[in-house]
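S.K.: sequence and predicted model, in that order:
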Amino acid sequence: MPKLSADDAQKYKSPIIINSHIELSVAIAQVLVRFEYANDEERAKLDATKANFCKIAGDFNYPWMPKILGWFYPGYPENYRRAYVQCFPAMARIAVYMTALRRDVQGLGDFVQEILSYGDGVRVPAFECIPEAWKHGGSLSALLKINSTAMGLSSPTLKVVAYNNVSELLENLSAPPTEWNRIFRKLLEKADLFSKVSFLEQKQGTPGQAEACCKIKLGAWVSVAAFSHYAKGDPDFAEFRQHPFAIWSHWLTHGLGADNVSLLLKRISFKYLPRG
Amino acid sequence: MLGAEWKNSLLALLDSPTNSANLRHGVLLAAKYILERRFALDPSTAFGKSTFFQGLIKANVFQREFLI
């Protein structure tokens, strides 16, 4: 991949060609992250394959974007930002897949921090492929934190992607039942953060339809998590018995931009949601 | 696409010489599309002995350390 790309880069000096090589790598990475074998021997073989795929990249740290371009085009021109800007979305996607193949959630967090200064043309493709890339691995808590960084930004598109990502990560989770309690606890730890962001948005204006829908979807998970804790006898969730959908109702009301949240709902959700 | 000969055709396609950037771009797009369709058709045979990836390396199209 890098040799073929480097040869083509030298020969054609074309951003379109480089971009095609990066896209080809993304296609291969998408297949690699999709496979998880139950058999230990096959898993070891697959992990070795993934490791070899990542080895081509060498060091993988800040600043990421120029380094990624360097894999595909060694000796790229100094004014690459202008000439090769069309490669940035694909570069962002391959970076996310590389971190997933390396199971490097810290690396993903660092990369996301770096691209926050880029436009939506780069940020959105990067965030969009997180659920697919990290479907089979990674700390849920860390992934929630990474996605929550995008929820506080001003871009509505990016916020929708981040909210949907969290829902997708939860839906794709193949954890054993014994792990769900820990997962729900992690989700509830983040519920406060999600909601604070939501309240901040409410002051800025009513969210769009896509934004409201993805919040409602995620709110359902928060509600399920709360119900799970109540069902296990957690005293913090005693009031959840009478109004099991209270937290989700709060999200529904808030997500739709209404201002008639009842005192009861506020009281029940007081512990996990900030005062409105 | 599910037979063994498809990968040789793809490798030949990637190796095809041209001085045209447009033609090269088309070749790379076609290669990506074929890869995606191949994996969608039968992903279970993508790894293991005599896999497509091993074929790529033997053909030295990609770097040897690319994949086992």
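M.R.: Thanks, I have it. These numbers were taken from a predicted model, which means no experiment stands behind them.

S.K.: C-alpha only now, for contacts and for neighbours.
M.R.: Fine.

S.K.: poorly predicted segments of chain B, please.
M.R.: Low-confidence regions of chain B, defined by pLDDT under 70, span residues B:1-4, B:43-68.

S.K.: show me what the helix ranked longest in it packs onto, helices and strands only.
M.R.: Ranked by residue count and defined by DSSP state H, the top helix of chain B is helix B:21-41. Packed against helix B:21-41 by the contact rule (3 or more Cα pairs under 8 Å, 6 or more residues apart in numbering or on different chains; DSSP states H and E) you find helix A:15-34, helix B:5-15.

S.K.: quick check: which of these is buried the most?
M.R.: Among those, helix A:15-34 has the highest mean neighbour count (mean count of other Cα atoms under 10 Å in any protein chain shown), at a mean of 21.

S.K.: can it be found next to chain B?
M.R.: Yes. Shown here: helix A:15-34 in contact with chain B (Cα under 8 Å from any Cα of the partner chain) through A:16-17, A:20-21, A:23-24, A:27-28, A:31.

S.K.: what's the farthest-apart pair in those?
M.R.: Largest separation among those by Cα to Cα: A:16 and A:31, giving 23.1 Å.

S.K.: ok, back up a step: the longest helix of chain B: which residues count as buried?
M.R.: Along helix B:21-41, these residues count as buried under the neighbour rule (16 or more other Cα atoms under 10 Å in any protein chain shown): B:21, B:24-25, B:27-32, B:34-36, B:38-39.

S.K.: report the next helix or strand after the helix or strand where residue A:126 lies in sequence order.
M.R.: Remark: residue A:126 resides in helix A:120-128, with elements defined by DSSP states H and E. Along the chain past helix A:120-128, the next helix or strand (assigned with DSSP H and E) turns out to be helix A:130-133.

S.K.: helices or strands next to that next one in the packing?
M.R.: In this structure, helix A:130-133 packs against helix A:15-34, helix A:88-101, helix A:156-172, with contacts taken as 3+ Cα pairs under 8 Å, 6+ apart.

S.K.: show me which residues of it are buried.
M.R.: A:130-133.

S.K.: dump the residues you listed into a markdown table; add pLDDT as well.
M.R.: Formatted as a markdown table, the buried residues of helix A:130-133 follow (pLDDT from 0 to 100):
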| residue | pLDDT |
| --- | --- |
| A:130 | 94 |
| A:131 | 91 |
| A:132 | 90 |
| A:133 | 90 |
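
S.K.: now, among those residues, which is nearest to residue A:224?
M.R.: Sorting those by distance to residue A:224 puts residue A:131 at the head of the list, at 20.2 Å, by Cα to Cα.

S.K.: how near is the closest one to chain B?
M.R.: Here the distance between residue A:131 and chain B works out to 19 Å (Cα to the nearest Cα, to the nearest Å).

S.K.: I figured that residue was touching residue A:163, is that so?
M.R.: No. No contact is recorded between residue A:131 and residue A:163 when judged using Cα atoms under 8 Å, the distance being 11.2 Å.

S.K.: for residue A:173, give me its contacts.
M.R.: Residues near residue A:173 by Cα atoms under 8 Å, 6 or more residues apart in numbering or on different chains: A:135-136.

S.K.: distance across stretch A:48-62, terminal residue to terminal residue?
M.R.: With Cα to Cα, to the nearest Å applied, stretch A:48-62 spans 25 Å between its terminal residues.

S.K.: now residue A:211: closest residue in space, sequence neighbours ignored.
M.R.: Distances taken as Cα to Cα, 6 or more residues apart in numbering or on different chains place residue A:160 nearest to residue A:211, at 5.3 Å, with adjacent residues excluded.

S.K.: spit out the contact partners of that neighbour.
M.R.: Under the criterion of Cα under 8 Å, 6+ apart, the contact list for residue A:160 reads A:151, A:210-211, A:214.

S.K.: after the host helix or strand of residue A:66, which helix or strand is next?
M.R.: In this assignment (DSSP H and E), residue A:66 forms part of helix A:64-72. Beyond helix A:64-72 on the C-terminal side, the first helix or strand identified by DSSP H and E is helix A:80-83.

S.K.: do any residues in that following helix lie close to chain B?
M.R.: No. Against chain B, helix A:80-83 shows no contacts by Cα under 8 Å from any Cα, the least distance being 15.9 Å.
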